[in-house]
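In: how would this look folded up:
(chains A, B and C)
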Amino acid sequence: MASVETVTLPHLPDSPIQLSLFKNVQNSAFLRQQLLEGNSDFEYAFLDASILISRNQILAACFRAITDSLNNRLKSRNVHSEIVFDLSPNNNIAESFRRFGIQDTSSNVVAVKVLRNPNQSVAEHLRQNVQGEPVPLTDEALAEVKDDARLRKIYRLDQPKKGETAALGKEAETFIIGSMALKGS
Amino acid sequence: MATTTKTTPPALPVPFTTSTTPLTLITQGAEAHLYRTTFLTPTTPAALKIRPPKPWRHPVLDRRLTRQRVLAEARVLAKCAREGVAVPGVLGLSWEEGWVAMEWVEGRSVKEAVRGRDVGDEEGLRGLMRRVGGAVGRLHAVGVVHGDLTTSNMMLRPVGDGGEKGEAGGLEGEIVLIDFGLAGQTVQEEDRAVDLYVLERAFGSTHPREEGMFGEVLEGYMEAFKGSKGTLRRLEDVRMRGRKKSMIG
Amino acid sequence: MPIAIGLEGSANKLGVGVILHPTSTPPSPHDSAHSDEDSPQSRKKAYSPPAQILSNLRHTFVSPPGTGFLPKDTAAHHRRWVVRLVKQAMKQAKVKLEDVDCICYTKGPGMGAPLNAVAVAARTLSQLWNKPLVGVNHCVGHIEMGRAITGAENPVVLYVSGGNTQVIAYSAQRYRIFGEALDIAVGNCLDRFARVLNISNDPAPGYNIEQMAKKGKHLIELPYTVKGMDVSFSGILASVEELARKLEKSKSSDAPWLDAESGEPITREDLCFTLQENVFAMLVEITERAMAHVGANQVLIVGGVGCNERLQDMMGLMASERGGSVYATDERFCIDNGIMIAQAGLLAWRMGFKTTLEESTTTQRFRTDEPLINWRD
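Out: A predicted model of the protein is given here:
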């Protein structure tokens, strides 16, 4: 299915990633449990889609996690947990998992997989194990499920002034990606 | 000897060592090399600024300075982005390998725009100068000084859906300040006045025929920045001192 | 052929030197020994053979460890030695009095009393021998001597001494200052640090710091203050003095000061090493910025601190990365001397410059960009 998309980030030709968005996920608790148990069949970053403003935000976290992995300086267990951590604007690892990682109640989930080689695919594994509706991962799809109030709180964005639209736009994305880049400094 | 031997730029840091994405060297300054490339997606143009290690510096000192400078620049850009000042956004960075990836700003520099303009269009130039002052005023209003204001470090970004984008010689567009390598956060009037003075000197030497227009820049500055009065008074002192007068070559 | 005697005494060194500029300007038509083929037009630009140093003598006022040189004592030293040095320099140069074209002396910048002591000597010689005076800017003297010795044509110049820290480049008949120390000079910072550690002033505090620094290996954090092309050293001096006191205190206590990483004790040598690494990195940085600004790849280091081999090495690495090279001189020329005053003075004299007796004053402040450098294109 086309909903599992393979992406090669500029400058990282040897670390292709697979991305997919699932809506109305029914078994989030199960998926989270696999991560907690360290089940090696589930080496994924499962992200709660409600705090994702755009694809670029996800890609920025992936870029940092993969390069930190190449430079042997991961702060967390592996490159997948690092992607979750790298979405956070601060250094608290446990908190970043609670905020950005899949929760038992998450209904919209982005799955990220850093592939070992370009021929690998996790599409079938995800199809079998994620009970949800796969949809293409687009900025529009994310916009439908994102929680602006939480995004504002987590990234300390100003509350909308009177007369302003509450929806977060391009400037917010720029600021969020900048905060992620500066994290840990 | 007039031979200017350009040495090859130093090796790139990981991950750019194994990159198959094109990296085009734009400028090679004393501090950093600036490349045009793409970042995050193959269709997102980006400016990649790399601060290579300086082999003559003690490695501990070198790491400390690289870290400080990468972070200072990115923090200023992040602050500006947050406060709504038009600057390129930060897309990624590494203080250990010494690089920052920023949004690529489309358009041409104010320097090019002024030089290549339709000389009859005095109103257009006047408006541009005001917008230049406005951009500096907004920057100062949020507590940031640029440190190296020149018309080369200001881009004229086309606005709208690109309808009039192709129009050569046009002075329309949004001013976007770039190259914050010497920038800092400050509340000192003196720092802001020196910032303006550097621009004034650079403007005079880059655009001698338009030097008389600098008053418009200050007009725009006053409109955009409430605290401009004190800064402009201080600018007088800085001019009087003229300490830097003989230093701009 | 033009010959000049130069007298320098702006700080604690008294220097006297005699220089000769071999002329290769085409001989006059009256010179029958010469063929007509070598007409003035045949050589547009006169080839200038290297200047000849006929003598270069120096006597240094060395103050006891822990002290600096005071203006009054330094001036007395210069007065005591200047006659002897002039006599010796003339004798060594083997020139006749009538062959000397001008008396060059340091007009400034420098310390008032020592400058005056030497100016008085220069005026006396001028009256006695009936020769014109040429007042010389000390910094220009350093630059011209450095260029003459190294052959660097149009370098960015780093001038570093006890009294000055400047990054200079030539443009339109001036030596323009692109960057400088905003407070104290780098040499002053090193000298005053040496006093805190009671390092000997013989032969020079900076030399002794350099030798000690070679044995240092632990780098301690100090402020690093570069603003554009300017630098500042007073904060660094205060910090490193604080470190020196901390070291003294830790020695007399049971808790020695250890390096956090290696666990080895911090030494006086480490402090010298730290200070040098820090301030020299700053100097190389502003020099590189000036080189990028003017598009130069040659760099010339002049002034007393310019003898430091670590500074020269660092600068060399930087210059080679820019596809150029570093030019430096040894202690005969980078430390204040009389020959450099003779060199710059003679260049000016050949362009018709003279200093009248009434004008033959001295000045403690004399910016490098003031004199007209009309002997360069």
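
In: what about whichever residue of chain A sits closest to chain C, distance to chain B?
Out: Relative to chain C, the nearest point of chain A is residue A:185 (17.6 Å; Cβ to the nearest Cβ). C-beta here means a position set from N, CA and C on the backbone, and glycine is covered the same way. Look at residue A:185 and chain B: by Cβ to the nearest Cβ, to the nearest Å, they are 5 Å apart.

In: likewise for residue A:96?
Out: From residue A:96 to chain B the distance is 18 Å (Cβ to the nearest Cβ).

In: my read is residue C:163 is in a strand, agree?
Out: No. Under DSSP: H, G, I helix; E, B strand; the rest coil, residue C:163 sits outside any strand and is assigned coil.

In: quick one: it and residue C:186 touch, right?
Out: No. With contact defined as Cβ atoms under 8 Å, residue C:163 does not reach residue C:186; the gap is 10.1 Å.

In: between those two, who's got more neighbours?
Out: With neighbours defined as other Cβ atoms under 10 Å in any protein chain shown, residue C:163 and residue C:186 compare such that residue C:186 has more, 27 against 20.

In: surely the more buried one is in contact with residue C:283?
Out: Yes. Between residue C:186 and residue C:283 there is a contact under Cβ under 8 Å: 6.6 Å.

In: wait, residue C:224 sits on residue B:65?
Out: Yes. Using Cβ under 8 Å, residue C:224 is in contact with residue B:65, at 6.5 Å.

In: between the two, which contacts overlap?
Out: Shared contacts of residue C:224 and residue B:65, defined by Cβ atoms under 8 Å, 6 or more residues apart in numbering or on different chains, are found at residue C:281.

In: more crowded one of the two?
Out: residue B:65 (21 against 17).

In: element containing the more buried one, please.
Out: Per DSSP states H and E, residue B:65 falls inside helix B:59-83.

In: and that helix, what's buried?
Out: B:61-62, B:65-67, B:69-83 (16 or more other Cβ atoms under 10 Å in any protein chain shown).

In: over to stretch A:19-33?
Out: For stretch A:19-33, by 16+ other Cβ under 10 Å, it's A:19, A:20, A:21, A:22, A:25, A:28, A:31, A:32.

In: now the two most distant members of those.
Out: The distance between the two most remote of the buried residues of stretch A:19-33 (Cβ to Cβ) is 18.9 Å, for A:19 and A:32.

In: how about the helices of chain B, start to end?
Out: Ranges of helices within chain B are B:59-83, B:110-115, B:122-141, B:189-206, B:214-224, B:228-241, based on DSSP state H.

In: same question, chain C
Out: Counting by DSSP H, the helices of chain C are C:71-93, C:112-129, C:138-150, C:186-196, C:205-213, C:234-251, C:268-294, C:309-321, C:331-334, C:338-350.

In: of those, flag the one that's most buried.
Out: Across the helices of chain C, averaging neighbours per residue (mean count of other Cβ atoms under 10 Å in any protein chain shown) puts helix C:338-350 on top, at a mean of 30.

In: and residue A:138, what does it touch?
Out: residue A:55.

In: what helices or strands is the helix holding residue B:65 leaning on?
Out: Applying 3 or more Cβ pairs under 8 Å, 6 or more residues apart in numbering or on different chains; DSSP states H and E, one finds that helix B:59-83 makes contact with helix A:170-182, strand B:90-94, strand B:99-103, strand B:144-145, strand B:184-185, helix C:268-294.

In: repeat that for 6 Å
Out: Under the contact criterion of 3 or more Cβ pairs under 6 Å, 6 or more residues apart in numbering or on different chains; DSSP states H and E, helix B:59-83 touches helix A:170-182, strand B:90-94.

In: check what pLDDT whichever residue of chain C sits closest to chain B gets.
Out: Across chain C, no residue is closer to chain B than residue C:323, which sits at 3.4 Å (Cβ to the nearest Cβ). Looking at residue C:323, its pLDDT is 92.
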